[in-house]
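> coords please:
(chains A and B)
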Amino acid sequence: MFKIFGSKAQTFKPKKSIKKGTKQYELHQKIKETLGSGDLTDAIKLPPDETLFEWLSVNTIDFFNQSNLLYGSITEFCTPKYCPSMSAGPQYEFLWADGKEIKKPIRVSAPAYVDYLMTWIQVQLDDEDIFPTKPTEDMPKNFLPTIKAIFKRLFRVYAHIYYSHMDRVSVLGVEAHLNTAFRHFYLFIKEFNLVDKKEMLPLQNIIDKINARKDI
Amino acid sequence: MINDHESVIDVGSDDERENFEDEEDTTTVYSSDPLSRPTMDRSLAAKMYIEQYYINAQQSVKERGQRRKDLELKLENMKLSSKESNDLRKELDKKESDYMRIKRLKLKRSDFEVIRIIGRGAFGEVSLVRHRESNDLYAMKRLKKSEMLKKEQAAHVRAERDVLASANTNWVVKLYYSFQDDNYLYLIMEYLPGGDMMSLLIKYDIFTENQARFYIAETILAIESVHTLGYIHRDIKPDNLLLDSKGHVKLCDLGLCTGFHRLHSSEFYQMLVGDAMTIKMKLIEATPLTQTERIASWKKARRALAYSAVGTPDYTAPEVFLQIGYNKEVDWWSLGVILYEMVVGHPPFLSDNTTETCLKILNCKETLQIPTDMGLSKEVIDLIKRLVCEKDRYKSADEIKLHPFFKGVNWDNIRNQSAPFVPELKSPTDTSNFDIYEEIPNDIDDDDNNNNNNSNNNINLNDNINSNCTYTTPTKKSNIMGKGNIKDKDLAFIGFTFKGFDAVNKSPTNRRNVESIFNTNNSTTTSTTK
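Next comes the predicted model:
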């Protein structure tokens, strides 16, 4: 059903006209290495003597951007008609609640769910009380719970894409990018224990493949 | 604390069958639908962003490790107490943390107060600005996206950002930040109050050979540092040689406001060469201006010429025109032309128009004339010839440094010597070494447009997803990429945003600190007057 990590994304396959030794070819090789089998360890582990707060903060923004853009690729097909609920296959369905405006979980279509989610995340990232940008402040009390909530909910976006839109992802040539971004996302979650395992069951098959790879 | 009322619901077999049927319908629809343009654009944006992200991520890890390694190497040589060493290590760690925090900042135009415009060109302008929060002074280059795209300059400004972002040398102007909004790209760069070499040449007309030697030597080191980074500048000329507060040379592309690799399209060069061949016969017949008149006309117009989109090819090597494979030598050719201009008073291939200039460059064996009545030394004449128009032109900095014209130059220490002309500066914001520019009324309109765009909560394809919305109602416009069409111009500028390590402010302490250790331009050596 899934082509995992073996697919060939068009944008990093060198064109025939790109000669070896040219900067462009080297760039393509570099991209291929990164997306294909590159070691993400150093981009995940907390650098020596870096604070956990700063490391989690800057990476959260990056993961938000990537998932936002990836979902943007398939918004034309993720419609209330075809995705009446935020689901990951027949077994999983996610309801939306943010504990503020919508305190009781409600069933909404997938595009509405992602809309709520991305808006909510942006509000958290802009909140100076949770993600302060001025120096000499300790990690806010709400920081870690907020980070975990962000990662848990972003996971559902990946789950929805994998279960409902892989045909379209493949046609658009985004599959390798999706796989790389998710792999990075998952390994980061694993490194810092940001999401409960039961919350990640919808993508257990993919996760097993990631964990089985030699270079991690 | 976040109240989490979400739940995962298992559904029964009836729903299971129902979902399967839905998937079948979806597949049928998919196979017959052509991909829409917005979808393809959004997919391309996602791919470009992710590819760029992982390249940057690897680079970032390497650079951080390198900074740490560099510090340890220097600590070994400094024989400090263990307490002093540990203090310096902690200081570097603090800077790394501050840098990580700075990465999360979403910079915008209003974070900077414009003090004065100091340069203007075809695609935008350069201003002296003050960062409102830190009070630091910067040069802000602002480039209009629509103009960049019209003239296919997007790749070049990206190249500039890449070079400046990777350059960690005293010879290249520092890039601290780059960011964008709907209409503009912004480069926040080191401010160099001394103006540029063109201004010096306009002011003094001719340099002595000693003065020229100093500036050419520094320019050699600047070009060498760019070549070491793996780049060819391709646009070396007096207005891209900036002068710092003490009159030393730094390489940039401040005045022209085009990319670091300003590169005419191959069509432009083909047309120029074709025109040059056409008028070759005519050149013999007519000389509308005497050389004296031509020089006077050129001097009057040279600053204006520098600001045109096309510019003047006076400093361009012939192989660039011919679009044959060219290499770093093209920069040394430009250097030779500048040297000629310094000691003679005007460039060697001066003409009435661009086409004639091109023709003269292509026929340099006949057209390179070095005046014999100015008392130039045989060393400077020989050097000019070896840089410009010889069969075996100089190919590397090492070759050039050995030339007898540079006898006595202390290459390792020249930046600590006094420059022939030291800028006179009355205050940190003194811009008297720059031309005066008037405010353009439509700048105000642009600002209003920017404000409107911000309040409209448009989807911005910045690296840091931008939004000024506050969460009020569930029906508010969303941040999802798909809700709005990604503009063509945004595709061209993915990956532009950057924050450099040098953006971390210096620590206020006066004692020895990390900054001074990493500064290769230690001022422990006594200055000597040339």
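
> from now on I want contacts and neighbour counts done on CA atoms only, so please keep to that.
OK.

> measure residue B:180 to residue B:499 for me?
Per Cα to Cα, to the nearest Å, residue B:180 is found 12 Å from residue B:499.

> and the two? which has more neighbours close in?
residue B:180 (26 against 21; other Cα atoms under 10 Å in any protein chain shown).

> what residues are bridge-paired with that one?
Residue B:180 has these beta-bridge partners by DSSP bridges: residue B:185.

> start from the N-terminal end of the stretch 351-500 of chain B and give the helices.
B:354-362, B:364-367, B:378-387, B:397-401, B:441-455, B:488-492 (DSSP state H, counting those that start in this stretch).

> and those helices, which one averages the lowest pLDDT?
Lowest mean pLDDT within the helices of the stretch 351-500 of chain B: helix B:441-455, at a mean of 38.

> what's the first helix or strand after the lowest-mean-pLDDT helix or strand in chain B?
Here the helix or strand of chain B ranked lowest by mean pLDDT, DSSP states H and E is helix B:13-32, holding a mean of 34. The helix or strand immediately downstream of helix B:13-32 is helix B:37-78, counting by DSSP states H and E.

> which other helices and strands contact the helix or strand following that following helix?
From helix B:37-78 onward toward the C-terminus, using DSSP H and E, the following helix or strand is helix B:82-103. When contacts are defined as 3 or more Cα pairs under 8 Å, 6 or more residues apart in numbering or on different chains; DSSP states H and E, helix B:82-103 sits against helix A:52-73, helix B:37-78, strand B:498-499, helix B:514-518.

> let's have these in JSON lines, adding mean pLDDT and distance to residue A:157.
Formatted as JSON lines, these follow (pLDDT from 0 to 100; distance: least, Cα to Cα, whole Å):
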{"stretch": "helix A:52-73", "mean pLDDT": "90", "distance to residue A:157": "7"}
{"stretch": "helix B:37-78", "mean pLDDT": "80", "distance to residue A:157": "15"}
{"stretch": "strand B:498-499", "mean pLDDT": "72", "distance to residue A:157": "27"}
{"stretch": "helix B:514-518", "mean pLDDT": "52", "distance to residue A:157": "43"}
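
> ok, residue A:53 touching residue A:141?
No - using Cα atoms under 8 Å, residue A:53 is not in contact with residue A:141, being 11.1 Å away.

> pLDDT weak spots in chain A?
Within chain A, the segments meeting pLDDT under 70 span A:1-39, A:134-138, A:213-216.

> tell me where it has helices.
A:23-36, A:41-44, A:52-73, A:110-126, A:143-164, A:166-172, A:175-192, A:204-212 (DSSP state H).

> list the buried residues in the shortest one.
Pointing back at helix A:41-44 there. Buried residues in helix A:41-44, counting neighbours by 16 or more other Cα atoms under 10 Å in any protein chain shown, are found at A:43-44.

> near chain B at all, it?
Yes - for helix A:41-44, a contact with chain B is found by Cα under 8 Å from any Cα of the partner chain, at A:42-43.

> and for stretch A:190-201, what's in contact with it?
A:44-45, A:147-148, A:151-152, A:155, A:189 (Cα atoms under 8 Å, 6 or more residues apart in numbering or on different chains).

> and residue B:201, how many neighbours?
18.

> likewise residue B:344?
Residue B:344 has 18 neighbours, counted by other Cα under 10 Å.

> try residue B:68
Neighbour tally, residue B:68, other Cα under 10 Å: 14.

> nearest residue to it other than its sequence neighbours?
In space, and not counting its chain neighbours, residue B:68 is closest to residue B:92: 7.9 Å by Cα to Cα, 6 or more residues apart in numbering or on different chains.

> quick check: buried residues in stretch B:136-145?
B:137-145.

> from those, which is closest to chain A?
residue B:137 (19.7 Å; Cα to the nearest Cα).

> so what sits opposite the closest one in the bridge?
Bridge pairing for residue B:137 - DSSP bridges - gives residue B:130.

> secondary structure class for whichever residue of the stretch 151-300 of chain B sits closest to chain A?
Across the stretch 151-300 of chain B, no residue is closer to chain A than residue B:230, which sits at 9.7 Å (Cα to the nearest Cα). The local conformation at residue B:230, judged by DSSP: H, G, I helix; E, B strand; the rest coil, is coil.

> dump the residue contacts of residue B:385.
Residue B:385 neighbours (Cα under 8 Å, 6+ apart): residue B:336.
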